[in-house]
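Asks: Provide a 3D model corresponding to the input given below.
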Amino acid sequence: MAYEVAAPKYVRLAQTLQGRIKDGTYPPGTLLPSENQLVQAFGMSRPTVVRALELLKRDGWLESRQGYGTIVRGRPEAVEQKDQRGREALERDESRASGRLVHVGQVPVPPRVASILGVPKRAKVFVRRLLIEDEGEAVELSSSYFPAGLLDGTDLGDSAPLDGSLRAHLEARKKVRFDHVTERVSARLPSAEEAEHLGMSTADPVLSVLVVACDVSGQALQVTDVVLPGDRQELEDTYRLG
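Replies: Numbering: from 1, shown residues only. Here you go, the predicted structure:
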């Protein structure tokens, strides 16, 4: 049985507006319709429209100019080229990765993953768990979970590393298309299994990057929990002030 999880309304609206920028409906340099016009055109509430615009401004598709309105900037090169943890996890070639697969099979679904995939909290889901090492030291544990309907006709169940990335394999075998990724970063204590793989204590915190990869409709195709030892991480970002 396949479960579909709809993306929030503001995400779907942002995707629609982004598509219109890409196809030239809203050309770069032009003025985007006002919030009132967007509310009427899409039949959505003002808070939904505002959140969608904030998302597109944050990612560089739009720019606000006081006293003038919201300007279309077009496809932001910085966003497309930015090295992000989610993209790395999705496009990592298992056969060339500096590490090894430590588990392939059914596991009890973590609560956060259950809500995203739309499965009962006590259900079991399929996982591919990859341990990344650097000069013999464990530096990352990447656990990728999939909806049950995506397993048929793929090699995801094989215990050998895939020749290529999970994304490329799924797009080729299942004819799906990955459209966007949401990353949720949090600090937490590791599970006993995570601590064992990473060679650390369960009392030491880890940084968890939950990567949710969806198709254009917002349905989750893959959820990857990237777990990193907390004492070896530092977050840094550089961005432009408008």
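Asks: Please identify the helix or strand for the residue of the chain most remote from its centre.
Replies: Centroid-distance maximum for the chain: residue 67 at 35.3 Å, with Cα atoms, centre = their mean. Per DSSP states H and E: residue 67 is located in neither a helix nor a strand.
Asks: Kindly report the same for residue 163.
Replies: Using DSSP H and E, residue 163 sits in no helix or strand.
Asks: measure it to residue 177 for me?
Replies: Note on residue 163: its distance to residue 177, by Cβ to Cβ, to the nearest Å, is 21 Å. (C-beta placed from N, C-alpha, C; glycine too.)
Asks: Where does the prediction get shaky in the chain?
Replies: 1-7, 77-84, 232-242 (pLDDT under 70).
Asks: Pairing partners for the residue nearest the centre of it in the sheet, please.
Replies: Centroid-nearest residue in the chain, with Cα atoms, centre = their mean: residue 181, separated by 2.9 Å. Residue 181 has these beta-bridge partners by DSSP bridges: residue 213.
Asks: and it, what is it in contact with?
Replies: Applying Cβ atoms under 8 Å, 6 or more residues apart in numbering to residue 181 gives the contacts 84, 86-87, 90, 211-214.
Asks: Walk me through the domains of the chain.
Replies: If you go by automatic domain parsing, the domain ranges for the chain are 9-78, 85-232.
Asks: Now do the strands in the chain.
Replies: Secondary structure of the chain by DSSP state E: the strands cover 62-65, 69-72, 99-108, 124-134, 137-146, 180-188, 206-214, 220-229.
Asks: how about these, which one is nearest residue 46?
Replies: The closest of the strands of the chain to residue 46 is strand 69-72. By Cβ to Cβ, the value is 14.1 Å.
Asks: Next, the buried residues of the closest one.
Replies: Residues 70-72 are the ones in strand 69-72 that count as buried (16 or more other Cβ atoms under 10 Å).
Asks: What helices and strands are in contact with it?
Replies: strand 62-65 (3 or more Cβ pairs under 8 Å, 6 or more residues apart in numbering; DSSP states H and E).
Asks: buried sites along the strand it packs on?
Replies: 62-63.
Asks: Could you spell out the sheet neighbours of it, each with its direction?
Replies: Partners of strand 62-65, by DSSP bridges, with direction: strand 69-72 (antiparallel).
Asks: where's the partner strand relative to the chain centroid, distance-wise?
Replies: With Cα atoms, centre = their mean, to the nearest Å as the basis, strand 69-72 stands 27 Å off its chain's centre.
Asks: cool, stretch 35-54 as well?
Replies: Mean-position distance between stretch 35-54 and its chain equals 24 Å (Cα atoms, centre = their mean).
Asks: repeat for stretch 148-159
Replies: The chain centre lies 20 Å from the centre of stretch 148-159; the measure is Cα atoms, centre = their mean.
Asks: for it, how far is the first residue from the last?
Replies: Terminal residues of stretch 148-159 are spaced 17 Å apart (Cα to Cα, to the nearest Å).
Asks: Need the contact partners of that stretch.
Replies: 1-2, 101, 104-105, 125-126, 128, 146, 162, 166, 169-170, 173-174, 176, 221-222.
Asks: For stretch 17-32, which residues meet the burial criterion?
Replies: Residues of stretch 17-32 classed as buried by neighbour count (16+ other Cβ under 10 Å): 17-18, 21, 26, 32.
Asks: Show me the two of those residues that sit farthest apart.
Replies: The span of these, defined through Cβ to Cβ, is set by 18 and 32 at 11.6 Å.
Asks: if we can go back for a sec, next, the contact list for the residue farthest from the centre of the chain, please.
Replies: With Cβ under 8 Å, 6+ apart as the criterion, no residue contacts residue 67.
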